[in-house]
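**Student:** could you look at this predicted model? Sequence included:
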Amino acid sequence: MRTVFCGELGLKHVGERVTVCGWVNRRRDHGGVIFIDLRDRSGILQLVFHPDAGREAFRIADSLRSEFVIRASGTLVKRPEGRVNPKLSTGEVELAVDDLTVLNPAKTPPFDLAERVTDVDESLRLKYRFLDLRRPEMQRNIIVRYKATKAVRDFLDSEGFLEIETPMLTRSTPEGARDYVVPSRLEKGRFWALPQSPQLFKQLLMVAGFERYFQIARCFRDEDLRADRQPDFTQIDIEMSFVTQEDVLKTVEGMMAYIYKAALGKTIQTPFPRLTYQEAISSYGSDKPDLRFDMKIVELTESLRGAGFKAFDAGAERGGIYGFVIPGGALFSRSRIDGIVELAKQHGIITAWFAFRSEGIVSPVAKFLAPSRLNLLKEACGAKEGDLLLVTAGSKQSSLTGLGALRLELGKTLGMVREDLFKFCWVVDFPLFEYSEEEKRLVAMHHPFTSPKEEDLPLIEERPEAVRAICYDLVLNGVELGSGSIRIHRRDVQEKVFKVLGLGPEEAKEKFGFLLDAFEYGAPPHGGIALGLDRLVMLMVGATTIRDVIAFPKTASGSDPLTGAPATLSEERLKELGLRLDIQ
RNA sequence: GGAGGCGUGGUGUAGCGGUUUAGCAUACAUGCCUGUCACGCAUGAGAUCGCGGGUUCGAAUCCCGUCGCCUCCGCCA
């Protein structure tokens, strides 16, 4: 039907007779000559219609409208002098059409596809997703996604991994996200669950001796949505036997470099910097630090302790004194600084500020501190003349997370974040357990099969909260791309962890019995990672939401305007499933 | 579960208590135009201002409720 794609044509094809197919992107009718920008997946080509080149074709061209599907044949010609369009990759040529067929007319689209309008109401875009996806930006997103996915397969294949599918219908497991549930028709009153991740299956595959597994795995979590969270999403799921943390990190670093090269042609630096969990929290107030800019948090407790300023002394007593330096901030206007203080308040921290100006140190609290203290402070925070220091005092956790959130927001609003950078890092040595306020007990920070660090094992009974896990997160530009761990493969260690989690032998058997059984038949040491493919691609294409890299995503309230899902079921269907509705 | 923002012709928006017959841009329709590329010019059609209730002599505008969309907190091992 076609001989060539629009975007492939250039000067070297001049003089050739070609046939192209696609959609009318734009029509420019000059009366005596008509121009059509024809769009297909590969790009845009200008068609030109002269009445003398083909009277019938010209007559049909007059009737063309946006998004009509057409086929056009003619001779590719070099554009006249001064008529080149540098904005088009095909801008040096055009197709002089003598034969035109309308393959399908189209209704006027509900929004403009030709312009780069991301400002169209998103639910309208989703309702007409098949049109939204025609837009070149969206096509590129989906294409980059495919290339990245293919790169994953190519790389892991070359490293000896096997892609193995695991069930979508499986059983609900305790801990973690709420799972989506599917009623069983054959066994009424019983329910399947869709996997939050293939975690247990991939571990079983290690026991089964496959040694290196991966899967582009769809996962389901029935939790509230966000710009970077959808109910169903895709993980690059990896598991390896007879490996240490180091082996997993190296593999992932190699894979990331390969993906960026293959999908974007970009080179990224490996190995990625590593921070311990403690370092990440104390320097960036976050376990997913954005390393595209500096502005590290510094502890100032010792510099300000006993300085005689009540707020600081009380803060030092409750936790500590922390702050960070905004380079060049000393020259900010008073109202701008007040705005920053207000912003800090929204993040739950009360801040004092110190402007290190050429004429001296300016601060609303300077009068409470001796000049020697102020100089000590300047030295301790590493500020130069012209910088602004923000300080807060109080509990360590809320101070650091508050400063971390403030740092991130200021980094963006002050233009310190370079959008074209890709700054990967590993965060390692996470705590094995964290305290759950809701459940009033320790829960697994990663998951219950995460191995403690060997050297911390003696602490597990006395001080479980101090035990570090062999667990690692991959972070890119402040976004958590994924996390993984080396798993427990020894029965005695697993039992100790379950004990801390409050899982008795009976309960553990009931919930994870199949995995524990398997572990008794020769489980190799193993570990792995799961990476969010949607988030990775989002960052690769510069999108601000994963919805823009998913062909058919859901709205923030978890519905799909295109299909109208979720939908109701008929009485008959409910009855067949043994279900009765009880809703207000 | 909570907080905030938005909702006005197809689309994007202005108007925020009365000279508004709801403005503008774009899309759409008709006509003119032989070198445009966000073509241009002219004419025209197109909106009970998300929905429901209230306040008022008067509501797109103020209040309450509700629905939808977006962002964030909680939640997401």
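**Tutor:** Alright, I've got the coordinates.
**Student:** got a list of what whatever residue of the stretch 301-450 of chain A ends up closest to RNA strand B touches?
**Tutor:** Closest residue of the stretch 301-450 of chain A to RNA strand B, CB to the nearest atom of the strand: residue A:447 (3.2 Å). C-beta: built from backbone N, CA, C; applies to glycine. Taking CB atoms under 8 Å, 6 or more residues apart in numbering, we find residue A:447 in contact with A:175-176, A:199, A:485.
**Student:** go again using 7 Å as the cut-off
**Tutor:** Shown in contact with residue A:447 (CB atoms under 7 Å, 6 or more residues apart in numbering): A:175-176, A:199.
**Student:** residue A:554 now?
**Tutor:** Contacts of residue A:554 by CB under 7 Å, 6+ apart are A:225, A:230-231, A:560.
**Student:** can you give me the end-to-end distance of stretch A:184-196?
**Tutor:** Start-to-end span of stretch A:184-196 (CA to CA, to the nearest Å) is 19 Å.
**Student:** buried residues in it?
**Tutor:** Of all the residues in stretch A:184-196, those buried under the rule 16 or more other CB atoms under 10 Å are A:192-196.
**Student:** now the closest residue to residue A:184 other than its chain neighbours: how far from residue A:182?
**Tutor:** Spatially, and ignoring its direct neighbours in sequence, residue A:184 is nearest to residue A:190 (4.5 Å; CB to CB, 6 or more residues apart in numbering). Distance, residue A:190 to residue A:182, by CB to CB, to the nearest Å: 10 Å.
**Student:** picking that back up, among the buried residues of stretch A:184-196, which are located in helices?
**Tutor:** Using DSSP state H, no member of the buried residues of stretch A:184-196 falls within helices.
**Student:** just the buried ones from the contacts of residue A:447, in ChimeraX syntax?
**Tutor:** Buried subset of those, written as a ChimeraX selection, criterion 16+ other CB under 10 Å:
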select /A:176,199
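**Student:** can you narrow the contacts of residue A:447 to ones near RNA strand B?
**Tutor:** Filtering the contacts of residue A:447 for proximity to RNA strand B by CB under 7 Å from any atom of the strand leaves A:175-176, A:199.
**Student:** in helices only, show me these.
**Tutor:** Per DSSP H, the subset of those in helices is residue A:199.
**Student:** by pLDDT, give me the weakest of the ones next to RNA strand B among the contacts of residue A:447.
**Tutor:** Among these, residue A:175 carries the weakest pLDDT, at 72.
**Student:** pull the contacting residues for that residue.
**Tutor:** Counted by CB under 7 Å, 6+ apart, residue A:175 has contacts A:443-444, A:447-448.
**Student:** just checking, which of these belong to strands?
**Tutor:** Among those, DSSP state E puts A:443-444 in strands.
**Student:** give the buried residues for stretch A:82-98.
**Tutor:** Buried residues in stretch A:82-98 (16+ other CB under 10 Å): A:88-98.
**Student:** wait, is residue A:298 part of a helix?
**Tutor:** No. Applying DSSP: H, G, I helix; E, B strand; the rest coil, one finds residue A:298 to be strand, outside a helix.
**Student:** now it, which residues is it bridged with?
**Tutor:** Residue A:298 has these beta-bridge partners by DSSP bridges: residue A:323.
**Student:** you'd agree it is up against residue A:378?
**Tutor:** No. Using CB atoms under 7 Å, residue A:298 is not in contact with residue A:378; the gap is 11.7 Å.
**Student:** shared neighbours of those two, which are they?
**Tutor:** Counting by CB under 7 Å, 6+ apart, nothing touches both residue A:298 and residue A:378.
**Student:** work out for me the element residue A:282 sits within.
**Tutor:** Per DSSP states H and E, residue A:282 falls inside helix A:277-284.
**Student:** just residue A:354 next, same as before
**Tutor:** strand A:351-357.
**Student:** remind me, longest helix of chain A?
**Tutor:** helix A:136-158.
**Student:** give me the distance from that helix to the chain's centre.
**Tutor:** Here helix A:136-158 is found 15 Å from its chain centre; the criterion is CA atoms, centre = their mean, to the nearest Å.
**Student:** re earlier: ok, and which of the buried residues of stretch A:184-196 reach RNA strand B?
**Tutor:** Of these, the ones that also sit near RNA strand B (CB under 7 Å from any atom of the strand) are residue A:196.
**Student:** is it possible to export the buried residues of stretch A:184-196 to TSV including pLDDT?
**Tutor:** Listed next are the buried residues of stretch A:184-196 as TSV, based on pLDDT from 0 to 100:
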residue	pLDDT
A:192	96
A:193	95
A:194	96
A:195	95
A:196	94
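**Student:** for RNA strand B, state which of the buried residues of stretch A:184-196 is nearest.
**Tutor:** residue A:196 (5.2 Å).
**Student:** correct me if wrong: that closest one contacts residue A:178.
**Tutor:** No. Checked against CB under 7 Å, the pair residue A:196 and residue A:178 is beyond contact range at 8.7 Å.
**Student:** which ones are touching residue A:35?
**Tutor:** Counted by CB under 7 Å, 6+ apart, residue A:35 has contacts A:28, A:46-48.
**Student:** beta partners for it?
**Tutor:** Beta-bridge partners, per DSSP bridges, of residue A:35: residue A:28, residue A:48.
**Student:** returning to what we had before: and the strand holding residue A:354, what other elements does it pack with?
**Tutor:** Helices and strands touching strand A:351-357, by 3 or more CB pairs under 7 Å, 6 or more residues apart in numbering; DSSP states H and E, are helix A:334-346, strand A:388-394.
**Student:** near RNA strand B at all, the first one?
**Tutor:** Right, the one you point to is helix A:334-346. No. Helix A:334-346 stays clear of RNA strand B (CB under 7 Å from any atom of the strand), getting no nearer than 9.3 Å.
**Student:** can you pull the contacts of residue A:488?
**Tutor:** Residue A:488 neighbours (CB under 7 Å, 6+ apart): A:449, A:451, A:494, A:497.
**Student:** other residues contacting the host helix or strand of the last one?
**Tutor:** When secondary structure is defined by DSSP H and E, residue A:497 falls within helix A:491-500. For helix A:491-500, contacts defined as CB under 7 Å, 6+ apart pick out A:433, A:442, A:448, A:451-452, A:460, A:464, A:488, A:508, A:519-520.
**Student:** and the residues you listed, which two are furthest apart?
**Tutor:** Pairwise distances across these (CB to CB) peak at 25.6 Å, for the pair A:442 and A:520.
**Student:** okay, those two: which has more neighbours?
**Tutor:** residue A:442 (18 against 9; other CB atoms under 10 Å).
**Student:** that one and residue A:431 touch, don't they?
**Tutor:** No. Residue A:442 is beyond contact range of residue A:431, at 9.7 Å (criterion: CB under 7 Å).
**Student:** quick check: neighbours shared by those two?
**Tutor:** residue A:465.
**Student:** pLDDT at the residue nearest to residue A:320 when sequence neighbours are not counted, what is it?
**Tutor:** Distances taken as CB to CB, 6+ apart place residue A:301 nearest to residue A:320, at 4.2 Å, with adjacent residues excluded. You'll see residue A:301 listed with a pLDDT of 91.
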